[in-house]
Structures are given as structure tokens and as C-alpha cells.
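Asks: Below is the sequence, then the predicted model.
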Amino acid sequence: MKSFGTRRVLLDIKRTLILALPLIGAQLLQVGNGLIDMMVAGRLGTVELGAGGIGAAIWFFGSLLCIGVMAGLSPILSKLIGQRRRAAVGAVFRQGLWLGVISGVLAVALTITMALSLPIWSIEQQMVPAIKSYLFTACWSLPAFAVVMACRNVCEATSLTRPVLFVQFLGLLVNLFADLAFGLGWFGFPRLGLTGIGMATSLVTITMAICLVLILMRRNRFKRFALFASFEWPSWKEIQPMLHLSIPIYLGLLFEAGLFFATAIQMGIIGTLEAAAHNIAIGISAVCYMMPLGLSFALTARIGRVYGRESISAIKLRVTSGLMITVAMAATTATLLILFRHSLPAMYTGDVELQRFASHLLLFAAIFQLSDGAQVALIGMLRGLHDTRVPMLINLFSYWAIAFGIGYYSAHHLGYGASGLWAGLIVGLTVASIGLLIRLWWRIRQLESSGAFE
């Protein structure tokens, strides 16, 4: 990579953080929504708490379709803005909305199908009705969730990300009051349990979608892109490039989510203590993960813009500053996990043995902060360069051949148990990071040799 002056790098770091911090905040608030749901479900009873966790996991798998399919919109819009083709931004966004609605409807169908198949799953039968009641009301949020993702992609591409944070904060407040009202029956409403929590999920998501659409329609800084200038029916010519980028992104998300789901299942096979400690450690790690995830969205947009301008020096600068921020974030979260590895599990449970085991697993979580943060940041950079297929294959190999293979063998054949599974995650994420870094280096070299980039 080309070396840059310290002042220039620091200025670029500042610009990246201005774009990224609202997105990081929005991701943390999104985690807060899930935490509120689980706290309210816990007030309903043990069965409802377990059922709510399973229902939320199923809803999440449905939402991955919306997240993945809409993820191709940001790099395309960023490139158009970099090329100063403002008129095309609105047309692509409107087609993105159609794609979002279609993916949302498919996600509803997928979620309902999974809910109807619950009786044949190896789940305690007393939880099945509660899971269904949650999913049959929460699933209707998915088309609106896809619209939210489409609007978020516009905010990221245009470097106007504060509305995302504002709307996510509004959603958190609405979710809190709706959960208390519909779930627990506060404020004179009937106590509907998990059905009420599902209703709250739909209400919150629809509210957020409406707010973001209104912001995009009315704020002057968005009007220049003519996002709602006209109405067009779906056009395969416009949608195909989005799918070309987004389908590999969706598959990559499935590979990653599937790995962590498979790890959780194996923890349950090893033992109850291990499963509970893993849930605590992975939950805390998920909060840390929101920082590089939000950063990755900003890197996609910033690199996508200079990719549209065909400026190789600007691409290198933004890659350099992005990697520096990633390392700093990883060092910070790793240090915090090490320092507070004993006190954090105490927030979840009073069981001393469980606290001790969870604190042990948090040491593994601290180790994989760098590789986990690096892989998601590098994926964001490669998306900005419209490169999604090879990263998908790198993740498939790293997660399932390396992480799952080493973790399974270490846990079940070498006798390392939960530690073996976490060691597999660390090795797999490290291999993914190295592979993605090599791919990014190769992609930049390819752009340099093409002669089209200055």
C-alpha cells in the first residue's frame, strides 16, 4: 500500500468516523431492541423467555434475506455519486425499493414456513405455541424492515447517516413502550405476552420505515437526488446489477450465521453449563461486533465513491485509514473484555460457576476481536469495489472447512469442549481475515494495472 502523510491519514480517519459513528450507534441501539424484548419476555416466564429467544433467532434468519439482498444497493449508489450521476441515483433507489418489498415478502413466507414446521423440530412442545404466536405477528415487520435497509443504504451512500441514528433511537423508545403495553399489559392494554412482543416488533419497524421515507422525501440534502421524482415498475435491467452484488453477500451472511448457530448447538450437546456460558460470552461479543460492523457500512460507501471516480490513490488512502480504525477498535474492545471479563458475566447471572466459565470464554472473545473486526471491515471495503463473489467463497472455506472443522474436532475428539469450539472460531476468522486482505491487495493491484484508474 502507498504511504501517506500523517496529517492526510488523520484527516481521512476523521471523515470516516463522522460517517461511521451514527451507524455504529444505530447498530448498538438495534441490539438494545433485542435486549428489551428478552427482558420483557423474562418477566412473562421461563417458557416465554426460551420461546422468545428461539423466535427471535428465526426472525433473524428471515431478516438476513432482506439485509443481504439490500446490501448491493449502497455500493452501486456510492459509485453513481462518485461519478456525479445524481439523476441515476433516484432511479436505482426506486428499483431498490421494489427489490426490498419483494425480498420482504419472501422473508415473510420463509418465516411462516419455519413457524409451521416447528412441531417436527426437537423443541419442547410447550414452547411451540408461544414461538408461533410471536412469529405470526413479528413476521409482518419484514417488508418494512427491507424498506428500512433500502433507506439506510441511501443514507450511507450519500454520507448523511445521522437520520439512521435518530430513527433507530426513536425505534428503541417505541419498542420499549410497545413491549410494556402489548407484552405486559401496562398502560391499560391487554396482556398479550409474546404475541404482544411480536406486535411491537412490527409496529416499531413500520414506524422506522415511515420515518426514514419521510426524511428522504423532505430533507433538502436528499432532494438533489430526486429519490421520489417518479413512479416506475420493477425493471430487471436495474435490479440485475443489485442482485449480482447482493446474492453473494446474502450467502456470505448465511454462512457466518450458520457457523455461529452450529456452534451454539454443539455447546448444547457438550453441556448445559457450556451452553449458558457460551450464550453470555457470545452476547457480549455481539455488542463489540457492532462497532466494526457499523464501520464496514461507512467504508463501503466511502470506497464506493472513489471507486466511481476511478481514483486509485483515494482508494488506498481510505483502505489505510479504515484498517487503522479497525485495529484501534479491536485493541479497545479486546482490552475491555480482558479487564471486565469477571464483572460482565455477573450482569447476566448470579451463578458463580457459570460466571467463572463465561469469563474464561471471554478471553477467547478478546483474542478474536482483531480477526472478527478485520474480516467485516475488509468485506465492507471489497463491497465498495463491487467485489462480493470471491469474499463469499473465502468465508465459506474459512467458516466451514476451517472454523467448523477445527472446532468440531477439538471439542469432540481432542476433548477440549467449549474451548475447542472457540479456538476453531478464532482460527477460522483469522484465515478469513488473511484471505480477504490478500483479495483486497490483489483487487487494488488489478485496478492499478487496468490503466483506467489514476
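Replies: Arrived safely. Residues are numbered from 1 along each chain as shown.
Asks: Spell out which residues sit in contact with the residue nearest the centre of the chain, please.
Replies: For the chain, residue 293 is the residue whose C-alpha lies nearest the centre (Cα atoms, centre = their mean; 6.4 Å). Contact analysis of residue 293 by Cβ atoms under 8 Å, 6 or more residues apart in numbering lists 24, 27, 376. From N, CA and C alone the C-beta is placed, and that goes for glycine too.
Asks: Swap in 7 Å and give it another go.
Replies: 27, 376 (Cβ atoms under 7 Å, 6 or more residues apart in numbering).
Asks: name the element it belongs to?
Replies: Here residue 293, judged by DSSP states H and E, is contained in helix 272-309.
Asks: got it, and residue 99?
Replies: Per DSSP H and E: residue 99 is located in helix 86-116.
Asks: Quick check: what element follows that helix along the chain?
Replies: helix 128-138.
Asks: could you give the angle of that next one to helix 86-116?
Replies: 160 degrees (axes from the mean of the first three to the mean of the last three Cα atoms, to 10 degrees).
Asks: what's in contact with the helix or strand just after helix 128-138?
Replies: Using DSSP H and E, the next helix or strand after helix 128-138 towards the C-terminus is helix 142-157. Applying Cβ under 7 Å, 6+ apart, the contact partners of helix 142-157 are 23, 62-63, 66-67, 70, 73-74, 77-78, 81, 93, 96-97, 100-101, 103-105, 107-108, 111, 161, 163-164, 205-206, 208-209, 212-213, 216, 227, 297-298, 300-301, 304.
Asks: Return the distance of helix 142-157 from the chain's centre.
Replies: Counting by Cα atoms, centre = their mean, to the nearest Å, helix 142-157 is centred 13 Å from the centre of its parent chain.
Asks: Tell me how many other residues crowd residue 245.
Replies: Residues lying near residue 245 (other Cβ atoms under 10 Å) number 20.
Asks: Give me the nearest residue to it, chain neighbours excluded.
Replies: Distances taken as Cβ to Cβ, 6 or more residues apart in numbering place residue 72 nearest to residue 245, at 3.5 Å, with adjacent residues excluded.
Asks: The one you found and residue 232, how far apart?
Replies: 18 Å (Cβ to Cβ, to the nearest Å).
Asks: and what of residue 69?
Replies: Distance from residue 69 to residue 232, counting by Cβ to Cβ: 19 Å.
Asks: just residue 249 next, same as before
Replies: Using Cβ to Cβ, residue 249 is found at 24 Å from residue 232.
Asks: swap in residue 280?
Replies: The gap separating residue 280 from residue 232 is 49 Å, by Cβ to Cβ.
Asks: Check residue 128 too.
Replies: Residue 128 is 44 Å from residue 232, where distance means Cβ to Cβ.
Asks: Neighbour count: the two, which is higher?
Replies: residue 128 (16 against 12).
Asks: With adjacent residues omitted, what lies nearest to the more buried one?
Replies: Closest residue in space to residue 128, ignoring its immediate chain neighbours: residue 118 at 4.9 Å, by Cβ to Cβ, 6+ apart.
Asks: Around the one you found, how many other residues sit close by?
Replies: Neighbours of residue 118 using other Cβ under 10 Å come to 19.
Asks: which residues touch it?
Replies: So residue 118 contacts 128, 131, 132 (Cβ under 7 Å, 6+ apart).
Asks: For burial, what's the neighbour tally of the last one?
Replies: Residue 132 has 20 neighbouring residues, counting by other Cβ under 10 Å.
Asks: nearest spatial neighbour of it, skipping sequence neighbours?
Replies: Counting by Cβ to Cβ, 6+ apart, the residue nearest residue 132 is residue 115, at 5.2 Å.
Asks: Could you report the neighbour count for that neighbour?
Replies: 21.
Asks: For stretch 376-388, give the mean pLDDT please.
Replies: In this model, stretch 376-388 has an average pLDDT of 94.
Asks: Okay, buried residues for it please.
Replies: 376-388 (16 or more other Cβ atoms under 10 Å).
Asks: May I see the buried residues of the helix or strand containing residue 25?
Replies: Assigned by DSSP H and E, residue 25 belongs to helix 6-44. For helix 6-44, a neighbour-count test (16+ other Cβ under 10 Å) marks 12-13, 16, 19-29, 32-34, 36-37, 40-41, 44 as buried.
Asks: go on, stretch 235-249?
Replies: By neighbour count on 16+ other Cβ under 10 Å, the buried set for stretch 235-249 is 238, 239, 242, 245, 246, 247, 248, 249.
Asks: and if you look at stretch 174-193?
Replies: 174, 175, 176, 178, 179, 180, 181, 182, 183, 184, 192, 193.
Asks: Residue 80 in helix, strand or coil?
Replies: Classification of residue 80 using DSSP: H, G, I helix; E, B strand; the rest coil returns helix.
Asks: From residue 87, how far out is it?
Replies: Per Cβ to Cβ, residue 80 is found 9 Å from residue 87.
Asks: Compare these two (neighbour count), which wins?
Replies: When neighbours are counted by other Cβ under 10 Å, residue 80 comes out ahead of the other of residue 80 and residue 87, with 23 against 11.
Asks: Contact partners for the more buried one?
Replies: 88, 89, 92, 308.
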